[in-house]
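Enquirer: next comes the sequence, and after it the predicted model I'd like to discuss.
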Amino acid sequence: MNRLLKGTALVTGTGLALYEIDTHFYARTFQRNLRTILTGIKIIADYKLNFTPEKADKISNLHTRVAEDLYRVCTTNAGLYIKFGQQIASMEHMAPPQYNQRFRTLYDNAPAVTWDEVVDVIKKDLGKHPDELFDNFEQEPIASASIAQVHRARRKDTGELVAVKVQKPYIRPQLNWDIRTYRLFLRVVETLFDLPLSWSADYVEKHMREEVDFRIEARNSERCYKELLKDNFLKKRVYVPKVYWETTSERVMTSEFIDAVRFSDVNKVKDAGFSVKEVMGVTVDLFAHQIFQTRFVHCDPHPGNVLVRPSSNNGFFHSIKRVLTGNTAVEPEVVLLDHGLYIEESEKFRNQNCNLWKSIFVQDLDALEKIAIGWGVTDPQLLASATLQRPYNAKKAVHIKSEAFNFADVYEMQVAAKDRLKSYLANTSIIPLELIFVGRNMNLVRANNKAMGSPVNRVNMMAERAVRGLNSAALSQWNYWRFRATLFLMTIGFYLVNVRKFFAQTLFGAKGEGFEDVTDRVMRENMKKQFGMVVDETAFNA
């Protein structure tokens with residue numbers, strides 16, 4: 001008995017010692033990896049045992065159960081796992097709707113670290129206590145995200161308000177192990193479920209590592225602003241906060257504090273006197289400009305990273321011009337934040353992407369197919385639909401009538417969806433890696449437009465920038481007029497939808513569908529009918 005008690009005490013003591021060492025010296029790396037591996041085994045077994053034709057009526061419960069397991073791992077492990085969870089939330093066009101329903105909450109504020117931990121990071125990176133570097137450094141953060149939190153302070157020399165972004169201390173120690181676990185997970189799922197997933201791992205890892213180096217973010221923000229100054233329209237309507245390099249390091253970044261309205265708060269935007277249509281128009285044009293012209297693309301344009309304030313472009317003649325054109329709203333200036341996640345497109349990809357949009361609008365099917373094949377995509381029509389983020393069928397109109405289906409259909413459709421995805425990604429060695437993050441950008445911009453009531457015709461605006469990104473000889477006179485005719489017809493459709501929405505709200509008190517709502521509905525029906533995918537009604541909310 002004594003031997004048993006001694007053995008139990010030894011095991012317990014060793015376990016507690018390892019737990020304390022892992023917690024205090026290795027940022028819970030072992031605990032997090034063990035939790036991830038055990039949950040992964042559970043999820044794989046769940047799908048292998050329960051994703052069968054005999055249990056087709058319980059597939060929805062299976063997806064809900066697995067989504068909950070994944071969500072628990074992401075929120076408990078925190079750090080970069082929050083980023084992984086946000087990535088799952090942005091894959092709603094591929095993942096079951098239950099995943100989107102659970103993971104979209106991860107865009108909200110993440111838990112903050114303590115004041116002592118903030119002080120420790122700043123002292124290690126900048127060599128001094130925050131109070132020696134700044135005046136009135138607020139201990140409570142004004143925002144907290146997955147990787148960092150932001151504190152307000154004042155510069156000692158000028159008294160100017162600044163935003164000090166401080167990386168959470170456990171991010172660095174956990175990074176390498178988190179990436180290894182991520183790669184292992186992709187490999188296991190790829191092997192067991194025969195899906196091409198790991199082809200993008202190197203590219204994603206590269207940008208994840210860059211995102212945790214705030215010196216890179218600071219350089220990105222400065223380059224973004226320089227690119228904006230080259231565009232006569234955007235340079236007067238978009239602003240990027242100034243970086244203060246003397247208090248910026250790998251884990252600390254100090255920038256100009258901007259007092260502005262949060263982009264996503266539509267009521268506050270309206271109360272401040274801004275036109276929602278004008279604000280959204282500038283935002284769509286900004287990111288289209290990056291994708292099709294500058295090649296330097298902000299890949300995390302969620303609502304929290306966009307603010308709105310009154311424009312400084314308020315000269316007398318400019319103000320008279322706005323009044324004469326009937327625009328009495330306060331002119332907005334869009335402020336772009338969080339420049340950690342950027343990609344630089346190759347010139348080849350930028351040109352091909354511009355030509356892809358052009359060929360879709362002028363219905364040049366040969367050019368569309370050529371680009372698709374060059375990108376390793378076997379289904380040009382699916383590529384066009386994914387690019388526009390709305391249904392595309394070059395041969396016939398899209399029908400939106402629903403068809404009844406049963407649980408067996410759901411199983412067959414989801415198996416077919418996997419097969420179609422495998423076919424779509426048939427040659428991953430030549431798929432442009434830029435598509436991963438450009439698609440993320442476009443999906444978030446689309447969701448922002450929808451959330452604000454679809455005030456602008458996003459597709460038309462992007463097509464305009466795409467054609468401007470080509471040289472003047474890229475469109476023949478005939479194709480130019482076909483392009484203009486397509487834009488005109490889409491504009492008519494856009495305004496007809498808005499008229500219908502107005503009458504629905506005015507006469508019947510109904511919410512009414514905006515343009516993005518209509519394309520969502522048609523896209524859901526089209527994906528079920530043509531591609532065998534049952535998509536949740538919130539699937540395109542990014």
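Expert: Good, I have the coordinates.
Enquirer: in stretch 239-248, what's buried?
Expert: Neighbour counts over stretch 239-248 (16 or more other Cβ atoms under 10 Å) mark 239-241, 243-244, 247-248 as buried. In this view, the C-beta of every residue, glycine as well, is placed from N, C-alpha and C.
Enquirer: please apply the same query to stretch 295-310.
Expert: Within stretch 295-310, the residues that qualify as buried are 295-309, counting by 16+ other Cβ under 10 Å.
Enquirer: again with stretch 173-187
Expert: For stretch 173-187, a neighbour-count test (16+ other Cβ under 10 Å) marks 174-175, 177-179, 181-182, 185-186 as buried.
Enquirer: including secondary structure and distance to residue 271, could the residues you listed go into TSV?
Expert: Compiled in TSV, the buried residues of stretch 173-187 are given as follows (DSSP: H, G, I helix; E, B strand; the rest coil; distance: Cβ to Cβ, whole Å):
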residue	secondary structure	distance to residue 271
174	helix	42
175	helix	42
177	helix	46
178	helix	42
179	helix	44
181	helix	45
182	helix	43
185	helix	45
186	helix	46
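Enquirer: how's this structure carved up into domains?
Expert: With domains defined by automatic domain parsing, the chain comprises 17-108+172-209, 346-531.
Enquirer: between those domains, which gets the lowest average pLDDT?
Expert: Ranked by mean pLDDT, the domains of the chain end with domain 346-531 at the bottom, a mean of 70.
Enquirer: please enumerate the helices of the stretch 51-200 of the chain.
Expert: Counting by DSSP state H, counting those that start in this stretch, the stretch 51-200 of the chain has helices at residues 59-77, 80-89, 97-103, 115-126, 130-133, 171-193.
Enquirer: for those helices, which one sits closest to residue 357?
Expert: Residue 357 sits nearest to helix 80-89 of all those, at 25.3 Å, using Cβ to Cβ.
Enquirer: can you list contacts of that closest one?
Expert: Contacts with helix 80-89, where a contact means Cβ atoms under 8 Å, 6 or more residues apart in numbering, come from 32, 70-71, 73-75, 95, 99-100, 103-104, 106-107, 110, 145-147, 171, 174-175, 178-179, 182, 208, 542.
Enquirer: pick out the most distant pair among the buried residues of stretch 239-248.
Expert: 239 and 247 (20.7 Å).
Enquirer: which ones are touching the spatially closest residue to residue 190 that is not a sequence neighbour?
Expert: Nearest non-adjacent residue to residue 190, counting by Cβ to Cβ, 6 or more residues apart in numbering: residue 197, 4.7 Å away. Residues near residue 197 by Cβ under 8 Å, 6+ apart: 186, 189-190.
Enquirer: and residue 197, backbone torsions?
Expert: Phi and psi for residue 197, reported as degrees, to the nearest 10, are phi -120, psi -30.
Enquirer: try residue 339
Expert: phi -100, psi 30.
Enquirer: tell me the one among the buried residues of stretch 239-248 nearest to residue 114.
Expert: residue 247 (20.9 Å).
Enquirer: is it true that the closest one touches residue 137?
Expert: No. Using Cβ atoms under 8 Å, residue 247 is not in contact with residue 137; the gap is 10.9 Å.
Enquirer: list residues touching both of these two?
Expert: Counting by Cβ under 8 Å, 6+ apart, the residues touching both residue 247 and residue 137 are residue 164.
Enquirer: all strands of the stretch 201-350 of the chain, in order?
Expert: For the stretch 201-350 of the chain, the strands defined by DSSP state E, counting those that start in this stretch cover 238-239, 252-256, 261-262, 296-298, 306-310, 332-336, 342-344.
Enquirer: show me what the second one is packed up against.
Expert: It stands for strand 252-256. The helices and strands touching strand 252-256, judged by 3 or more Cβ pairs under 8 Å, 6 or more residues apart in numbering; DSSP states H and E, are helix 115-126, strand 161-167, helix 214-228.
Enquirer: so where does residue 42 fall, helix or strand?
Expert: helix 29-50 (DSSP states H and E).
Enquirer: contacts for that helix?
Expert: Outside helix 29-50, the residues that touch it by Cβ under 8 Å, 6+ apart are 18-19, 22-23, 58, 62, 65-66, 69-70, 72-73, 76-77, 81, 173-174, 177-178, 181, 185, 188-189, 192-193.
Enquirer: tell me which of the helices of the stretch 51-200 of the chain sits nearest to residue 465.
Expert: Residue 465 lies closest to helix 80-89 among the helices of the stretch 51-200 of the chain, at 26.3 Å (Cβ to Cβ).
Enquirer: among the helices of the stretch 51-200 of the chain, which is nearest residue 274?
Expert: helix 80-89 (27.8 Å).
Enquirer: tilt between the closest one and helix 171-193?
Expert: Between the axes of helix 80-89 and helix 171-193, defined by axes from the mean of the first three to the mean of the last three Cα atoms, to 10 degrees, the angle is 40 degrees.
Enquirer: so helix 80-89 versus helix 59-77, what angle?
Expert: Angle of helix 80-89 versus helix 59-77, following the same axes, to 10 degrees, is 150 degrees.
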